[in-house]
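> model this:
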Amino acid sequence: MSVDKSTRITFFGGTRTIGGTICRVKTASAQIVFDMGHVVRPASPMFSGSLRPRSTADLRAVGILPDIPELYQIERQEHLSICISHNHLDHTALLPYMANEISVFSTKETCKILKLISEAKIEDQPPLRVTGVEVETWQRVGDLQFQFVPVDHDTPGAAAIFITAPDLRLVYSGDLRFHGWRPEISRAFVEKARLFEPDVLLVEGTRAGDEARPQVTEQELVQLIVDEISSEARMVYFNAYPRHPERVLAFARAAQAAGRTPVFEARTLYVASQFASELPEGVRVWADDDLPDPVRQWVEAAHLPLVRAVDVRTAPNGFAAELAYDKLWRLIDLGPAANGLYIHSNGAPLGPFDPAWDNLQRWLAHFGVSFRSIGTSGHAALGEIEQAVADIRPRVYLPIHSFHPERVVAHGIPRVLPDERVDYTLPDLLAAASVATRA
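Numbers count the residues shown, from 1 in each chain. A predicted model of the protein is given here:
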């Protein structure tokens, strides 16, 4: 009896959610898994508070961790690797549960920012063991090969992943956009993917449900923030996302353009500074007593001026300051000067789905702080994704990373809406796409 040696593609998350994409490409002798993020499913059982998992087996049992036993075995795994497209938590949060013996790869810039976030103790997550590799350089895992191809996203180091197997060629877009600081990088990815001639394209469809929203470029966003700050006579606050250093530095420039002194949490500025040749002039940091050693040493070496609540109280309309969620008590310290404007720009808490969102609103309301959302997505609009699929022209495409994958329609290209925990071969996908087209 002959053994079927076809490459199998299996999804363990992300088929009908935004984030939490986990996909395995497996041959008879090797496998690559990407990404390794966690997504909250409201209808699924969760561990939280005093209800804690006893082991990874508990997390697998309720579907938080993918049911791939090899990921948790403490033994040498020569033909199993994990690839990470970029550093966002919905693509990396499950990495601490993986066995240390498994090789985890990403781009060098992704490794850099993960290391900085760990050093700065910005999140309660252990250091991640990730190996940075050169982009567009083939790496081998048994009879599989992969390479990272840069895309533009709202964080450094983001990349698509190209994979070759004995019987198919696959492209995973990761998260990308065409309205950021470097849209040419995403356009170059589309061209490289076209030349790669993939059999299978896994493409993100994050914004398939909000195509009516206006698209704002990063450049336009800066001017919107300048205008908002300039029209405000009170104190101005903003939330920053440390994983998006370009936006952090853009806030500094916007504050200065509006005649304000920009003030940041030292941790946030520490990360952002490593992605800039120099800091904007005049930036300051909040005085803080609990800084990790690398951050404290950097602040001292950079001779950054420290800002305390008393400094702001004397002239609140002269400052635009980062107000991190875990530092909301700064409003207490500011006293009567606390009221003002809070600009939310894609930082934490990320949105109404986050339990911290309502609490943020309560804090702001209590201190008379107005709320304004001024941000832009890290994801391409629906029409741009559909055009990218049409330009790449895979034999079949699978929309993922979306609440509405069915809305991603590239006419003339066969499509499959995949289910989780189903093994797909290339013939399976082509047959399913053919049936869907006839229907």
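> Identify the residues contacting stretch 313-326?
Stretch 313-326 is contacted from outside by 229, 232-240, 251, 254-255, 258, 260-265, 268, 286, 307, 312, 330-331, 334-337, 340, 342, 348-349, 356, 360, using Cβ atoms under 8 Å, 6 or more residues apart in numbering. (C-beta placed from N, C-alpha, C; glycine too.)
> what's the helix or strand for P214?
In the assignment (DSSP states H and E), P214 maps to no helix and no strand.
> Next, name the residue at the spatial heart of the chain.
When Cα atoms, centre = their mean is applied to the chain, the residue found nearest the centroid is H88 (2.9 Å).
> Please list all residues in contact with it.
By Cβ under 8 Å, 6+ apart, H88 lies in contact with 19, 37, 155, 175, 243.
> Can you tell me which of the contacts of stretch 313-326 are buried?
229, 232, 235-240, 251, 254-255, 258, 260-265, 268, 286, 307, 312, 330-331, 334, 337, 340, 342, 348-349, 360 (16 or more other Cβ atoms under 10 Å).
> Would you map out the domains in this protein?
8-210+379-438, 218-373 (automatic domain parsing).
> could those go into TSV alongside mean pLDDT?
Converted to TSV, the domains of the chain look like this (pLDDT from 0 to 100):
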stretch	mean pLDDT
domain 8-210+379-438	92
domain 218-373	93
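> Using the three-state scheme, assign V149.
strand (DSSP: H, G, I helix; E, B strand; the rest coil).
> I'd like to know how far the closest residue to R8 other than its chain neighbours sits from H88.
Excluding the flanking residues, the one nearest R8 by Cβ to Cβ, 6 or more residues apart in numbering is D423, at 4.3 Å. As for D423, its distance to H88 is 27 Å (criterion: Cβ to Cβ, to the nearest Å).
> most neighbours, which of the contacts of H88?
D175 (28 neighbours; other Cβ atoms under 10 Å).
> can you give me the strands in the stretch 1-150 of the chain?
Listed in chain order, the strands of the stretch 1-150 of the chain (DSSP state E, counting those that start in this stretch) span 8-13, 22-26, 31-34, 80-83, 103-107, 131-133, 139-141, 144-150.
> packing partners for the helix or strand just after the last one?
The helix or strand immediately downstream of strand 144-150 is strand 159-165, counting by DSSP H and E. Of the remaining helices and strands, those touching strand 159-165 by 3 or more Cβ pairs under 8 Å, 6 or more residues apart in numbering; DSSP states H and E are strand 144-150, strand 168-172, helix 183-196.
> Let's have those in CSV, adding distance to I161 and mean neighbour count.
Compiled in CSV, the helices and strands packed on strand 159-165 are given as follows (distance: least, Cβ to Cβ, whole Å; neighbours: other Cβ atoms under 10 Å):
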stretch, distance to I161, mean neighbour count
strand 144-150, 6, 22
strand 168-172, 4, 23
helix 183-196, 11, 17
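> now the ones you listed in CSV, with distance to R60?
Listed next are those as CSV, based on distance: least, Cβ to Cβ, whole Å:
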stretch, distance to R60
strand 144-150, 24
strand 168-172, 23
helix 183-196, 33
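> Tell me which of these sits nearest to E220.
helix 183-196 (13.1 Å; Cβ to Cβ).
> report the angle between the axes of the closest one and strand 144-150?
150 degrees (axes from the mean of the first three to the mean of the last three Cα atoms, to 10 degrees).
> can you dump the C-alpha coordinates of helix 183-196 into PDB?
This file holds the C-alpha atoms of helix 183-196, laid out as PDB (Å, rounded to 0.1, in the frame of the first residue of the first chain):
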ATOM      1  CA  PRO A 183       4.200  51.500   0.800                       C
ATOM      2  CA  GLU A 184       6.800  50.600  -1.800                       C
ATOM      3  CA  ILE A 185       7.900  47.700   0.400                       C
ATOM      4  CA  SER A 186       4.500  46.100   0.300                       C
ATOM      5  CA  ARG A 187       4.300  46.700  -3.400                       C
ATOM      6  CA  ALA A 188       7.600  45.000  -3.800                       C
ATOM      7  CA  PHE A 189       6.300  42.000  -1.900                       C
ATOM      8  CA  VAL A 190       3.400  41.700  -4.300                       C
ATOM      9  CA  GLU A 191       5.800  41.700  -7.300                       C
ATOM     10  CA  LYS A 192       8.100  39.100  -5.600                       C
ATOM     11  CA  ALA A 193       5.200  36.900  -4.800                       C
ATOM     12  CA  ARG A 194       4.000  37.100  -8.400                       C
ATOM     13  CA  LEU A 195       7.400  36.000  -9.600                       C
ATOM     14  CA  PHE A 196       7.400  33.200  -7.100                       C
END
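> Against which helices or strands is that helix packed?
strand 144-150, strand 159-165, strand 168-172, helix 382-392.
> and if we set it to 6 Å?
Where contact means 3 or more Cβ pairs under 6 Å, 6 or more residues apart in numbering; DSSP states H and E, helix 183-196 is packed against strand 144-150, helix 382-392.
> doesn't Y241 make contact with T155?
No - taking contacts as Cβ atoms under 6 Å, T155 lies outside contact range of Y241: 8.4 Å.
> right, and the strands of the stretch 1-150 of the chain - which one's nearest V299?
strand 131-133 (26.4 Å).
> contacting residues around that closest one?
105, 108, 111, 139 (Cβ atoms under 6 Å, 6 or more residues apart in numbering).
> out of these, which are buried?
105, 111, 139.
> Quick check: bridge partners of the first one?
In this structure, F105 bridges to C83, T131 when assessed by DSSP bridges.
> circling back: and the two most separated of the contacts of strand 131-133?
Distance extremes for those: the farthest pair is C111 and Q139 at 14.2 Å, using Cβ to Cβ.
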